[in-house]
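Student: Below: sequence and its predicted model.
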Amino acid sequence: MNVIRMPRIIQAIMFMLQIPRAEVCKPNSNLLSWKHAAKKIDLMASRMLDLKVIGNNTGSYEVYETLNYCQRLLQNYQ
């Protein structure tokens, strides 16, 4: 049963907000686990409020947290 229509969009947003993959996806895969992701919706909302788009980002990022990776996730929705 699908809980949401386009799970890749939620997954890409969570990745860009640096929510760890293990807390969003099914174990040993890249598929969104709604059971895990639903618990992080409040965290996602608070990180979206605190997000600063302008300026340099000096933090370290995982490969799946980059804009290019998230664009490839959403490629089928364009």
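Tutor: Ah, there it is. Because the structure is predicted, anything quoted here is derived from the model rather than measured.

Student: Need the phi and psi values for the residue nearest the centre of the chain.
Tutor: Residue closest to the average C-alpha location in the chain (C-alpha atoms, centre = their mean): Met14, at 2.2 Å. In terms of degrees, to the nearest 10, the main-chain angles of Met14 are phi -60, psi -40.

Student: Once you drop chain neighbours, what's closest to it?
Tutor: Leaving aside its sequence neighbours, Met14 sits nearest to Val24 (C-beta to C-beta, 6 or more residues apart in numbering; 5.0 Å). Any C-beta I mention is one placed from the backbone N, CA and C, and that applies to glycine too.

Student: Just list the residues touching that neighbour, thanks.
Tutor: By C-beta atoms under 8 Å, 6 or more residues apart in numbering, the residues touching Val24 are 11, 14-15, 32-33, 36-37, 40.

Student: Buried members of these into PyMOL, please.
Tutor: To isolate the buried ones among the contacts of Val24 in PyMOL, judged by 16 or more other C-beta atoms under 10 Å, type:
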select buried, resi 11+14+15+32+33+37+40
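
Student: which one of the contacts of Val24 is nearest Gln71?
Tutor: Using C-beta to C-beta, Phe15 is the member of the contacts of Val24 that lies nearest Gln71, at 11.1 Å.

Student: and the one helix or strand the closest one maps to, how far out from the chain's middle?
Tutor: Remark: Phe15 resides in helix 7-16, with elements defined by DSSP states H and E. Distance, stretch centre to chain centre, for helix 7-16: 3 Å (C-alpha atoms, centre = their mean, to the nearest Å).
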